[in-house]
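Chemist: Got a predicted structure here, sequence first:
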Amino acid sequence: MIRTSNIAAVALATAMLALGAVTADAKQKVKVGFIGPLTGGVSVNGIGGRNSADVAVKLRNADPKAKYEYEMTVLDDECKPNVAVQVATKMAADKDVIAAATHYCSAAAIAAVDVYHKFGLPVIVWGAVLPDITYRNKYAEVHRVNGTMINQNDTNAELISSLGFKTVAVIHDTTDYGKGHNEYFSKALAKIGKAKIVGTFGVTADQQDFTAELTKIKELKPDVIYFGGLTPIGVRIRSQMDKLGIKAVFDGTSGIVSDAYIQGLGPLAEGTLAFREGAPTAKLPGGKFFMEKYNEQKYDNPPEAYGAFAYAAMNLILDTIENVGPDRKKVVAALGNVKDRDSIVGKISFDDHGQNTVAVITKYVVQDGKFVEWQDSEYASGKRKLPGQK
Amino acid sequence: MDAGLLAQYVMNGLMLGMMYALVAVGFTLFFGVLDVIQFSHGDVLTVGAFAALAGFVGLNALGVSSPWLELAIILTLAVAAMALLGALIARYLVMPLRSAPPLNTLLITLMLGTVLREGVRLFYPQGANPKPFPALLPRSSFVFGDFNLRLDNVLMLATGVLVIVGLQFLLNRTKLGLAIRAVAQDEETARTMGINFTAIVLITFALGSGLAAYAGVMNGLYYNEINFGMGLYLGVIGFSAAIIGGLGSIYGAILGGFLFAGLQTIGTVMLPFASAYKDVFAFAVVIAIMAWRPTGLIREKISERV
Amino acid sequence: MAGNNSNAARAGLWPGFAAIALTTCYLAVLLAAEEQNVIIALLVLGIVIVVGAAWFGLFEGVNRSFAEREDAMGIFAIVALVALAAVFHEAHFVLLLVLTVMLYSVATLGLNIQFGYAGVLNFAGASFFGIGAYTSAVLNTHTAVPHLIVLLIGGLLAALIGSLLLLPVLRTRGHYAAVVTIAFALLFKTFLEVNDVLGGPQGMQVPSMKVFGWSFNDNIDIGDITLSFYLNYFVVSLLLLIAAFALVRRLERSWIGLNLDALRLDETAASCFGLNIARWKITAFLIGNFLIGIAGALFGMVGGFVGPNNYTFADSLILVSILLLGGIGNPWGLVVATFIVVVVPEKLQTIQEYRFLLYAVMVIAVLLFRPEGLLPRPVRRYFPGWRP
């Protein structure tokens, strides 16, 4: 006869087994972080980066072979150094976050690196180009997958000199980012020696009115105006240049490689030069794969210029955690040994300062409302001419 | 520096001065009538500019394409909307606090300014980013050597002067203006004389806010861009200009506006870092002027001394 | 009159104790909560309890305890704060929040002296806070001045610059002083941004505090327990808060406070009575700025970073809103308001973006409907033990 107590015992045992099975299958949750400018003038880049990192996390979570289940915490640094320090402190102080992909804005990143070191949080920078971020201190926690602005500015100076332009006026923003661009561009131009800088003007990152600087520049009559800064003020300067009737080439950096620049200027953007390290997303080794997976998720924004790097950074983080486990110190140690690691942006190797080398520099010119590669453009072939080009 | 460049600087200064003067006149009107410093004036300017932009987007959707027509419509729209907003502010936020310490009114307008600014930033689509403002005025320019005289700047300057002259006419030659001046001078007596105090206050606020909207649209046309923080900056400068000129005097406000612009331009030309120090210089001079003549360059007609 | 109420005697300690204990427990739970739903539920619960308690008149007893047995309340509050820190001894970010509240409270107490007691408007509170912070940045980086002295220097510098600013406009009416402080607030931020010596827009790093060789930036390990390094700063901040609070209370009750009140309520009458308006306004401004400067210097060291964007006009407005919300002139109200203004947006991430808007709306509501603030300043008590 089956006694009630037996049934109860069997039921209980089954329930416990089921529960055990469920919990045994549930993976341990691991938190990873992402910081970027989600609001403000450069938000499209931050959001693109965030979406890209999100793709990496989603793909990993869908992979049955993954040991852990990942959750991405996102914080907004607003492209401001003080906010960056606050959110970096918040993320680093949270013991559950094991590692993070951080920062598009150099001004934000350089302010926050000390915080990461203080709390021992391993981070991989995905979009900020200031060399000091990895080279000012030797922090084991800080790494970077994208290149620095040095190569960008070397190529920039080369192109300007080879096109026969003789005089350059420099406008740069007064954050470390703009100052860095000014420094490296000036050095590169001086080394080549064919063109010279006739004036250097520092402007604040949220400046509205540039008539003062531009009127002085008009007096100097340069062939090229070099701009070391980000899209919002790039748009303003270019538009006010036109108002004052200045006909020089507008030469920018990776800071203006963004759809927002073209949208802000319309036809005035035509003929703007810009440079960026890394090949255009479509031409990267893993570019097609990345774009496919990105488009599957149907985000509202494109990945923008540095989305692929954000994906690569997050992927590297996830790989490392899979290998050594969710422990900050172990991840820091593992990231110190990254050599020739495959990724969608090519092979990643961190030098002794945690910096990856990105060899390719892409030259862009705005043609018909799009950033077109220089060698493919009608400016290179001579069909169209930049202002003042012979 | 040659004449062409000098002319360019002068032109820049005049444009800025005109915009500051328009804002300063608004401050002076409010102070004159209600003894209140309306700190949200600058942010009303921002809302006006954004209203104009929204109007433009709407008109585009409707298929209107003539720039003059669009300009006329969005200008009217912005001015009317801000006049309404100004009247509402007066009715619901400023007048109830008349019996409270003046500090409370100051604070409430400051906070209202923040509400307006944050409201634009948060609720206008992509409000946090600077937005391109359509160039609705003709873009041709006359080139005299180094001096690039743009037609749209000339137009804006001319219409600005007309607006100010019109305002003077309104205040000095019409019955409404008489009523406003009466209320500004002595509220009780004005009421005894049969002037509807509330109506006059609302009208004055509407007038000042409409002026702000005009200044906002002008600003948008000049820079081809508007952003949610533009009002704060312009508001503070307009306010300082009104103070320098002497709160309560229209001429003083206009003088103050152009003076401030002049200071900024001089700062730009003389100081090494161009724009960087121009604000520091201008504000430092404002503080110095306040130390020397606290009630403004054009004396207040009454003073209280113990 | 005084002294004849021996049986209706001293207000009980218990209502006050209970209020402080409950508040601390509530705060501990709120600070520990992570999920947004839990936090929203807690906040709603909090509001319901407060409104309900007010409805049932439970606040009467609490008010009396605070009014009459303030010293005991103060000691208990200190104990509660220390307990809170002990509960969170490992949670860095929670401790940082608590530190922020404490130091903002000190700054607002300074603002309270200027505005609540003397009626001098200061719209550059964040700028003076910044003066203190930059002082600690510069002195810590370039000199070997002992860090406790750096705090004092920060305060003194803020006081000095403040008095220089105010001197010219003393003879004029209220709003001109406001204008000068507004102009200064804007000037200060622009000046910092363009000035490369002080780091420009990038700001400066602040080396951590070291007192007698004990570095404040290392975690303390006692056996198995790791104590967050923020606890070091907590001790110093607590001492500072106690000192500031005591100062403000004593000042209010002293003859200086009486003079300041007279000055605020009616300048004309006060000067008829022989009070030198200019002198007392400057004194209040000086003392207030001194507190703000010290708080700023300490906060700079806590955060390890100073930059122009931290000390803008908007931040000064936040300090002013705390003052208004908490009840002008009431130190306890200030601390409560600071908690609300600092902690709630941090925890409630969804409203982080809206926080400026919400503060402004709250202040407008307060100004329209309850100008005395959440915890209005009680009537001055001229005689000990006197009950109105």
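Modeler: Cool, got the structure. Everything quoted here is computed from the prediction, not taken from an experiment.
Chemist: Every contact and neighbour count from this point should use C-alpha atoms.
Modeler: Will do.
Chemist: Can you list the residue ranges for helices in the stretch 251-388 of chain C?
Modeler: C:255-265, C:267-272, C:277-303, C:313-326, C:331-347, C:355-369 (DSSP state H, counting those that start in this stretch).
Chemist: Among the ones you listed, show me which one is buried the most.
Modeler: helix C:277-303 (a mean of 26; mean count of other CA atoms under 10 Å in any protein chain shown).
Chemist: Tell me how many other residues surround the residue lying closest to residue A:131 once chain neighbours are set aside.
Modeler: In space, and not counting its chain neighbours, residue A:131 is closest to residue A:148: 5.3 Å by CA to CA, 6 or more residues apart in numbering or on different chains. If you count neighbours by other CA atoms under 10 Å in any protein chain shown, residue A:148 ends up with 23.
Chemist: Look at residue A:108 and report its pLDDT.
Modeler: We have a pLDDT of 90 for residue A:108.
Chemist: Number of residues surrounding the spatially closest residue to it that is not a sequence neighbour?
Modeler: Closest residue to residue A:108 apart from its sequence neighbours, by CA to CA, 6+ apart: residue A:81 at 4.2 Å. Burial of residue A:81 is recorded as 27 neighbouring residues (other CA under 10 Å).
Chemist: Surely residue A:81 and residue A:104 touch.
Modeler: No - counting by CA atoms under 8 Å, residue A:81 sits too far from residue A:104 to count as a contact (11.7 Å).
Chemist: okay, now the closest residue to residue B:179 other than its chain neighbours: neighbour count?
Modeler: Among residues not flanking residue B:179 along the chain, residue B:195 sits closest, at 6.7 Å (CA to CA, 6+ apart). Neighbourhood size, residue B:195 [other CA under 10 Å]: 18.
Chemist: I'd like the secondary structure assignment at residue B:195, please.
Modeler: Classification of residue B:195 by DSSP: H, G, I helix; E, B strand; the rest coil places it in coil.
Chemist: Quick one: residues contacting the spatially most central residue of chain A.
Modeler: The geometric centre of chain A, computed from its C-alpha atoms, lies nearest to residue A:127 (CA atoms, centre = their mean), at 1.6 Å. Residues near residue A:127 by CA atoms under 8 Å, 6 or more residues apart in numbering or on different chains: A:102-105, A:146, A:306, A:309-310.
Chemist: let's see 6 Å
Modeler: A:104, A:306 (CA atoms under 6 Å, 6 or more residues apart in numbering or on different chains).
Chemist: Let me know the secondary structure of it.
Modeler: Put simply, residue A:127 is coil when judged by three-state DSSP.
Chemist: Next, work out how far apart it and chain B are.
Modeler: 20 Å (CA to the nearest CA, to the nearest Å).
Chemist: Look up phi and psi at that residue.
Modeler: phi -150, psi -10 (degrees, to the nearest 10).
Chemist: Give me the distance between it and residue A:253.
Modeler: 13 Å (CA to CA, to the nearest Å).
Chemist: Also residue C:45?
Modeler: Applying CA to CA to residue C:45 and residue A:253 gives a distance of 52 Å.
Chemist: out of those two, which sits in the more crowded spot?
Modeler: With neighbours defined as other CA under 10 Å, residue C:45 and residue A:253 compare such that residue A:253 has more, 26 against 13.
Chemist: May I have the residues that are in contact with that one?
Modeler: A:274-275.
Chemist: And it, how far from residue B:285?
Modeler: 38 Å.
Chemist: and chain B, which of its residues are near chain A?
Modeler: B:128-129, B:132, B:148 (CA under 6 Å from any CA of the partner chain).
Chemist: Make JSON lines out of those and add pLDDT, secondary structure and neighbour count.
Modeler: Output for those, formatted as JSON lines (pLDDT from 0 to 100; DSSP: H, G, I helix; E, B strand; the rest coil; neighbours: other CA atoms under 10 Å in any protein chain shown):
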{"residue": "B:128", "pLDDT": "73", "secondary structure": "coil", "neighbour count": "19"}
{"residue": "B:129", "pLDDT": "74", "secondary structure": "coil", "neighbour count": "18"}
{"residue": "B:132", "pLDDT": "81", "secondary structure": "strand", "neighbour count": "20"}
{"residue": "B:148", "pLDDT": "75", "secondary structure": "strand", "neighbour count": "20"}
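Chemist: quick check, nearest of those residues to residue A:349?
Modeler: Of all the residues of chain B next to chain A, residue A:349 sits closest to residue B:129, with 36.6 Å by CA to CA.
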